[in-house]
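*Asks:* Let me see the structure of the following:
(one chain, ligands or ions: 1)
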Amino acid sequence: MQESDVSFTNVETPPQCPICQSGRIETRNYGKKTGRTIGTAAGAAAGVAGVVSGAEVGAAAGVVAGPVGVAIGSIFGAIIGGLVGAAAGSSVGANLGKVVDDTILENYHCLDCDYSFGKSSI
Ligand SMILES: [Zn+2]
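*Replies:* Predicted coordinates for the structure are as follows:
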């Protein structure tokens, strides 16, 4: 049992530089930032599509209640479709970007020797 290591297990600390062993590592998170931006834009676009399909679904559901039901159903469907699209896009994009950071990009940069490296290369 190595109980002295327990306190470090839940802390996400940047790794050491594989070249100079420096602990002064910056995290770039390019993928996460880009992913969130793209995700929000894509989500907003999907939200627009959601507005249309939401309105259609709402209108269809409102048919049983007559013309007034169709109108109200369209409005609620459009609002819900738009909100869900934008929120989901932002969160999905950020998560996707984090995966890209962790697996594909050289997400870490050594401030001492200027070496860039990824999680997989440690
Ligand atoms: Zn270094």
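
*Asks:* Next, the buried residues of the biggest helix by length in the chain.
*Replies:* As assigned by DSSP state H, the longest helix anywhere in the chain is helix 67-103. Burial within helix 67-103, assessed by neighbour count using 16 or more other Cβ atoms under 10 Å, is assigned to 70, 73-74, 76-78, 80-82, 85-86, 88-90, 92-94, 96-98, 100-101. Placement of C-beta: from N, CA and C, glycine included.

*Asks:* Can you give the distance of the helix or strand hosting residue 52 from its chain's centre?
*Replies:* For residue 52, the host element (DSSP states H and E) is helix 30-62. Taking Cα atoms, centre = their mean, to the nearest Å, the mean C-alpha location of helix 30-62 is offset from the chain mean by 14 Å.

*Asks:* CA atoms of stretch 101-113 as PDB?
*Replies:* What follows is stretch 101-113 as a C-alpha-only set of coordinates in PDB (Å, rounded to 0.1, in the frame of the first residue of the first chain):
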ATOM      1  CA  ASP A 101      -6.600  17.800 -27.100                       C
ATOM      2  CA  ASP A 102      -5.900  14.600 -25.200                       C
ATOM      3  CA  THR A 103      -5.400  12.300 -28.100                       C
ATOM      4  CA  ILE A 104      -4.300  14.100 -31.200                       C
ATOM      5  CA  LEU A 105      -2.900  17.600 -30.500                       C
ATOM      6  CA  GLU A 106       0.300  18.400 -28.700                       C
ATOM      7  CA  ASN A 107      -1.600  20.000 -25.900                       C
ATOM      8  CA  TYR A 108       1.300  20.600 -23.500                       C
ATOM      9  CA  HIS A 109       4.100  23.200 -24.000                       C
ATOM     10  CA  CYS A 110       7.200  23.400 -21.800                       C
ATOM     11  CA  LEU A 111       7.900  26.900 -20.700                       C
ATOM     12  CA  ASP A 112      11.600  26.100 -20.100                       C
ATOM     13  CA  CYS A 113      12.800  24.400 -23.300                       C
END
